[in-house]
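*Asks:* have a look; sequence and predicted model below, questions after that.
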Amino acid sequence: MELVTKMKQTFSPKPKRESKDRLNIYTISQLFNQLVNFQQLVKSLRSFIGKGQLIRVDVVLDCIGLAIDNMMQSMMYDRHDFELQFNRIKEELERINVRCSDIKIKSLYPRLIKMDLVINSPPKELTLLSIQAILEGITNEPLRLIVEKTKGKQTKIKIYSSNQFKIDHAVSYVGKDGNKVSGDSYIYENFTNGQTFIAISDGMGNGELAHKESSEALKILKCLLSFNIPIKTAIQTLQQLKQHSNANERFFSLDVCMIDRERQRATFYKKGATPTFFIRDHQIELINLAQLPVGVMSDQDVDHVTLDLQEDDILIMCSDGIVEQYPDITDLEHMILGQVGIPPKHMAKNILQTTVSKHKGKIRDDMMVLVVEYKRQGVSQAQYAS
C-alpha cells in the first residue's frame, strides 16, 4: 500500500498547472527506464543465484527492496525538482525581458542537463550570454547553448551540460588456450548521475561457467548503481548474495573504477583484483587494495582509493592472467610506458599481444586489458547552429 501511495503522489495530474502535467511526462519516462533496469536486475539475480542453490530469501528481498526504495525516492525528488526549476527558470528569464513560449526540461541530473527553450524574439549575443549566466546560476554548472532554429519571431535554444571531459576506452581479451569464451568480463556504463562505471571481474577457473558468474555479477552491480545506490552498498549487497548462494565455494575478483568526469576524480574499489596502472607524464603509480575476492566473506569492509584526474591521464586495468606473466611487475610497467602516446584501442591490443608472445603464443590463463584515457572535449560554451 505504501508503494501505491507514493506512486499516486508522484504521478497524479494537476489540471490547473500545465507545467506540472508536462513535467510528469518526463518523470514517467524516467520511471520506465528504471523499470527496465529493475527487470534486468531480477533477471541477473535469477541467473547469478542459479537454480536449486541455497540462499536466504531475506537477502534477495533486501536487494530488491533496496532498488525499489531508491527508485521511488528518485522519482519523488525528480518531480519536485522539475517543478521548482521550471518556475525559477521562467521567472528569472522574465526578469531580463525574455519571454518563453515553451520550456522543456528533459534532464536536470548534474552534468547531464538537457533543456529546450522557445523564446518569442531572436536573442542578440548579449541576451544569449545573459540567458546562459542565469541558467548556470540555477543549475550550478557550466552549460553549452546552441541556437538551433529561428522561425519568424521565435527562436529555439538547446541547453546542455558543457561536458568538458570525456573518456576514451578500449578492451582486448582472450580466453585460456585461445578460446573465444573467457572467464574475464568487463563493463562500461555512463549513469544519469554523471559518473562512469568501469569494471573487470575474473571468474574462478575458465570457460562458460566462469564467464557467466563474472558477467552476471557486473550486471547486478550496474543495475544497483542505476538506482543511485552508493557503490559501497552495491558491492556489499553483491557480497551477501554470493556468500549466501555459494554452495560450491566459488569466488570471483572485482576491479571497479568510478569516474566523475566533471569533478575530475576517480575512485577505485578492488576485491581480489590486480593493481591498476595510473599513468601521468610518463610516470606510473600502482593503485592496489588488499581485499579478498567476492564470495569469501559477506561482511568484509569495502575500501577505496580516490585520485584527482588531469587531462591525458591513463588508467590500465588488467586481469591476473596478464599480471602473472611478469614475475617482476616493473617489466610490465616498462612495457606499458612504451605504449603511451597511441590510441587506447591500439594500446590495449599491443599490451595483450606482447604478453601472449612472452610464452611463444601459449595462453596459460584468461587475459584481459582495459585502457581508459581521460580527455578534454574542447567545445565552446555558447554557439549558433549552422
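*Replies:* All right, it came through fine. This one's a predicted model, so the numbers in the text were calculated from it and none came from an experiment.
*Asks:* export stretch 295-307 as PDB, just CAs?
*Replies:* Output in PDB follows, covering the C-alpha atoms of stretch 295-307 (Å, rounded to 0.1, in the frame of the first residue of the first chain):
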ATOM      1  CA  GLY A 295      32.300 -14.900  -2.000                       C
ATOM      2  CA  VAL A 296      34.900 -15.400   0.700                       C
ATOM      3  CA  MET A 297      33.200 -13.200   3.300                       C
ATOM      4  CA  SER A 298      29.800 -11.400   3.200                       C
ATOM      5  CA  ASP A 299      30.700  -8.800   5.800                       C
ATOM      6  CA  GLN A 300      34.100  -7.600   4.500                       C
ATOM      7  CA  ASP A 301      34.600  -3.900   4.500                       C
ATOM      8  CA  VAL A 302      34.700  -2.100   1.200                       C
ATOM      9  CA  ASP A 303      37.900   0.000   1.000                       C
ATOM     10  CA  HIS A 304      38.600   2.600  -1.700                       C
ATOM     11  CA  VAL A 305      41.200   5.000  -3.100                       C
ATOM     12  CA  THR A 306      40.300   8.300  -4.700                       C
ATOM     13  CA  LEU A 307      42.600  10.300  -7.100                       C
END
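*Asks:* quick check: buried residues in it?
*Replies:* For stretch 295-307, the buried set under the neighbour-count rule, 16 or more other C-beta atoms under 10 Å, comprises G295, V296, S298, Q300, V302, L307. Any C-beta I mention is one placed from the backbone N, CA and C, and that applies to glycine too.
*Asks:* do the same with stretch 352-359
*Replies:* Taking 16+ other C-beta under 10 Å as the neighbour-count basis, stretch 352-359 is seen to contain the buried residues L352, T354, T355, V356.
*Asks:* what's in contact with it?
*Replies:* S172, Y173, V174, I322, Q325, Y326, M335, I363, M367, V369 (C-beta atoms under 8 Å, 6 or more residues apart in numbering).
*Asks:* sort those by pLDDT and name the bottom one.
*Replies:* When it comes to pLDDT, I363 is the least confident member of the contacts of stretch 352-359, at 88.
*Asks:* make sure K153 is actually in contact with N120.
*Replies:* Yes - taking C-beta atoms under 8 Å as the definition, K153 is a contact partner of N120 at 5.8 Å.
*Asks:* what do these two both touch?
*Replies:* Contacts common to K153 and N120, judged by C-beta under 8 Å, 6+ apart, are absent.
*Asks:* quick revisit: quick one: which of the contacts of stretch 352-359 has the most company?
*Replies:* Counting neighbours by other C-beta atoms under 10 Å, the top entry in the contacts of stretch 352-359 is V369, with 28 neighbours.
*Asks:* what about C318, how many residues nearby?
*Replies:* Neighbouring residues of C318 were enumerated by other C-beta under 10 Å; the total is 30.
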